[in-house]
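**Q** Let me see the structure of the following:
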Amino acid sequence: MTEFTMHTEDSAPEASKPLVAKSISANGRLPGLHAVMAESPELLEGYQKLHELFMNSSFDKDELTVVWQAINVENECHYCVPAHTGIAKMMKVDDAITEALRNETPLPTPRLEALRTFTLQLVRDRGNVADADVQAFLDAGFTQRNILEVILGYSQKIMSNYTNHLANTPVDKVFEKFAWSRGKIAA
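**A** This next block holds a predicted model:
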């Protein structure tokens, strides 16, 4: 396996230095994912921008978490599932939502379950979601805008999940207690 560089403020390429500083400012530390992405200033900037845009979408904190974690779990991202577990806690998302996503069990509401179902259909079918499934999502109270916002969230997650798979990014210490692998529940 190729070993990827985990950059610091000092080692990051010049074009990544302001992006690294932005990550440290936002997180109080440099997340491992961002340390790896710093090798490509374009990737790190794109990831930061997509994150900002998705956070400002019409989804609430629970819905953001459903989209992120449904994708993270589907893609078996060893880094993002624990990270988004911690992020969900910081966002004050109900633990029942987080645990249902991590364990692939039913979500507490039909609306959130419809969002997870649609998100997974989009991922698994590479965007070729059947008309009946799109209509079921709309019938659950979502909109065409929400369909496009799921695509936005997926775009962000492709960047992080695939980077973490290729770089085998170590889980940040702050999120280690939320370690996850499919079929195993963390203590």
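
**Q** what's the domain layout of the chain?
**A** 7-56, 60-178 (automatic domain parsing).

**Q** Any chance of a markdown table for these, columns mean pLDDT and mean neighbour count?
**A** Heads up, the C-betas are built off the backbone N, CA and C, glycines and all. Output for the domains of the chain, formatted as a markdown table (pLDDT from 0 to 100; neighbours: other Cβ atoms under 10 Å):
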| stretch | mean pLDDT | mean neighbour count |
| --- | --- | --- |
| domain 7-56 | 98 | 17 |
| domain 60-178 | 98 | 18 |
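
**Q** Name all residues that make contact with the closest residue to residue 86 other than its chain neighbours.
**A** Residue nearest to residue 86 in three dimensions, not counting chain neighbours: residue 175, with 4.6 Å by Cβ to Cβ, 6 or more residues apart in numbering. Residue 175 makes contact with 82, 83, 85, 86, according to Cβ atoms under 8 Å, 6 or more residues apart in numbering.

**Q** So which of the residues you listed belong to strands?
**A** Using DSSP state E, the subset of the contacts of residue 175 located in strands is empty.

**Q** Keep only those of the residues you listed that are in helices.
**A** Residues of these located in helices (DSSP state H): 82, 83, 85, 86.

**Q** Could you provide these in TSV, with additional columns for distance to residue 32?
**A** Shown next, in TSV, are those (distance: Cβ to Cβ, whole Å):
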residue	distance to residue 32
82	11
83	9
85	15
86	13
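
**Q** ok, so of these, who is nearest residue 48?
**A** residue 83 (14.8 Å; Cβ to Cβ).

**Q** where's residue 54, which helix or strand?
**A** helix 41-55 (DSSP states H and E).

**Q** what element comes up after that helix heading to the C-terminus?
**A** Next helix or strand after helix 41-55 toward the C-terminus (DSSP H and E): helix 61-74.

**Q** elements contacting that next one?
**A** helix 41-55, helix 80-90, helix 95-103, helix 110-124, helix 144-167 (3 or more Cβ pairs under 8 Å, 6 or more residues apart in numbering; DSSP states H and E).

**Q** List the contacts of the first one.
**A** Among residues not part of helix 41-55, those counted as contacts by Cβ under 8 Å, 6+ apart are 13, 15-16, 19-20, 22-23, 33-34, 37-38, 64, 67, 149, 152-153, 155-156, 159-160, 163.
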